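> only geometry, no sequence info:
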């Protein structure tokens, strides 16, 4: 069974940028949809962004559209989330996930099979 490992989180000031990475090991996920979700204490995990297997199709939550960019490098079995113009409300634990079942980008966390352990992003004002 494969494993997803996120990295790149940390503390950043308002208006700053962070780039998250999610690397898969143990097996390849190049044929599947990848997604990024985030969660804050006491709230449901919410969809942030997703990318099709080829990288040609992307989807974003309205709250991050125009500020975040998702991309993937199938040769490296890695997905990235570039986050710009960060705001305090972007503070959360960010998770990457893989959906092996669908060929479209779902926003439902229950549709994703494999998850990383999460990486904290904290935006300070």
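Received the coordinates, thanks. Everything quoted here is computed from the prediction, not taken from an experiment.

> residues in contact with residue 87?
14, 123 (CB atoms under 8 Å, 6 or more residues apart in numbering). C-beta: built from backbone N, CA, C; applies to glycine.

> so how far is residue 69 from it?
16 Å (CB to CB, to the nearest Å).

> mean confidence score for the helix or strand where residue 69 lies?
Residue 69 is part of strand 68-73 when elements are defined by DSSP states H and E. The average pLDDT for strand 68-73 rounds to 97.

> Over to stretch 42-58?
The average pLDDT within stretch 42-58 is 96.

> Centroid-nearest residue for the protein?
residue 36 (2.3 Å; CA atoms, centre = their mean).

> tell me the contacts of the residue lying closest to that residue once chain neighbours are set aside?
Distance criterion CB to CB, 6 or more residues apart in numbering; nearest residue to residue 36, sequence neighbours excluded, is residue 48 at 4.4 Å. By CB under 8 Å, 6+ apart, the contact set of residue 48 is 35-38, 60-61, 64, 68, 81, 94.

> And for residue 69?
58, 81-82, 84.

> Whatever helix or strand comes next after the strand holding residue 69 packs against which elements?
Toward the C-terminal end, the helix or strand that comes next after strand 68-73 (DSSP H and E) is strand 78-83. Strand 78-83 sits against strand 18-25, strand 33-39, strand 46-51, strand 68-73, strand 92-99, with contacts defined as 3 or more CB pairs under 8 Å, 6 or more residues apart in numbering; DSSP states H and E.

> As CSV, those with distance to residue 118 would be great.
Below are the helices and strands packed on strand 78-83 laid out as CSV (distance: least, CB to CB, whole Å):
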stretch, distance to residue 118
strand 18-25, 10
strand 33-39, 8
strand 46-51, 12
strand 68-73, 17
strand 92-99, 4
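
> between these, which one is nearest to residue 107?
Shortest distance between residue 107 and the helices and strands packed on strand 78-83, using CB to CB, is found for strand 46-51: 3.8 Å.
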